[in-house]
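Colleague: Need the 3D shape of this:
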Amino acid sequence: MQQKLKEWIQRYLPAEIIGTITALISAGMIHSITHSYFAAAIAGTWGENAGYYSFILFQEIRSSRRHHQTTKENYRIIAFLKNIRNIVLEFGVAEWLDSGFVRPFMMYIFPKLLGNFELGILAGKIAADIVFYISVIIAYELRRKHLQD
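Modeller: Down below sits the predicted model:
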């Protein structure tokens, strides 16, 4: 289990750091313009997604290209499409629930509950992450077990 935890941390932590930064920046910018917790929650969700998935896609392509280099194969469109498939399988269901409801709700309600916008956005993000990663890790492990990259 310790090896799995290390693997998950290596896979998700860099994307989480980038996603957290882009969530806080996006939510803060929109809140300063609109003074709306709702608009800030949506902006924080979208900002986090942009930062997080940019890194995940980069990581997936980099890993696939390295694999292709070691097997002396060219990285082509089919490999790229498999990278996209893998990301959709790993994150699709979790992301649909997360971005469609859980994360905006958490990023909306926590600033109001805590009375501090920045702390509330961060707390809402962390609460949403817990829900998100339960299904993401299950999907990741199923993908690794049943699909050849």
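
Colleague: tell me the contacts of Leu97?
Modeller: 131, 135 (Cβ atoms under 8 Å, 6 or more residues apart in numbering). Glycine gets a C-beta too; all of them are placed from N, C-alpha and C.

Colleague: how close does it sit to Ile126?
Modeller: Using Cβ to Cβ, to the nearest Å, Leu97 is found at 17 Å from Ile126.

Colleague: center of this protein - which residue?
Modeller: Tyr52 (4.4 Å; Cα atoms, centre = their mean).

Colleague: My read is that that residue contacts Ile18, right?
Modeller: Yes: Tyr52 lies in contact with Ile18 (Cβ atoms under 8 Å); the separation is 6.4 Å.

Colleague: What lies in contact with the helix or strand hosting Pro111?
Modeller: Under the criterion of DSSP states H and E, Pro111 resides in helix 103-114. The contact list for helix 103-114 (Cβ under 8 Å, 6+ apart) reads 23, 27, 37-38, 40-42, 44-45, 48, 117, 119-121, 123-125, 127-128, 132.

Colleague: so what secondary structure elements neighbour the helix or strand hosting Ile126?
Modeller: Taking DSSP H and E as the criterion, Ile126 maps to helix 117-146. Helix 117-146 makes packing contacts with helix 2-34, helix 37-70, helix 77-97, helix 103-114 when contacts are defined by 3 or more Cβ pairs under 8 Å, 6 or more residues apart in numbering; DSSP states H and E.

Colleague: Only alpha carbons, please: show stretch 43-50 as CSV.
Modeller: Written as CSV, here are the backbone C-alpha positions of stretch 43-50 (Å, rounded to 0.1, in the frame of the first residue of the first chain):
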residue,chain,number,x,y,z
ALA,A,43,-14.1,30.5,-12.0
GLY,A,44,-12.2,28.6,-9.3
THR,A,45,-13.5,25.3,-10.7
TRP,A,46,-12.6,26.1,-14.3
GLY,A,47,-9.3,27.6,-13.3
GLU,A,48,-8.4,24.6,-11.4
ASN,A,49,-9.4,22.3,-14.2
ALA,A,50,-7.3,24.3,-16.7
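
Colleague: Next, the buried residues of that stretch.
Modeller: Residues 43-49 are the ones in stretch 43-50 that count as buried (16 or more other Cβ atoms under 10 Å).

Colleague: The spatially closest residue to Ala40 that is not a sequence neighbour: what's it in contact with?
Modeller: Excluding the flanking residues, the one nearest Ala40 by Cβ to Cβ, 6 or more residues apart in numbering is His31, at 3.8 Å. Shown in contact with His31 (Cβ under 8 Å, 6+ apart): 37, 39-40, 43, 117.
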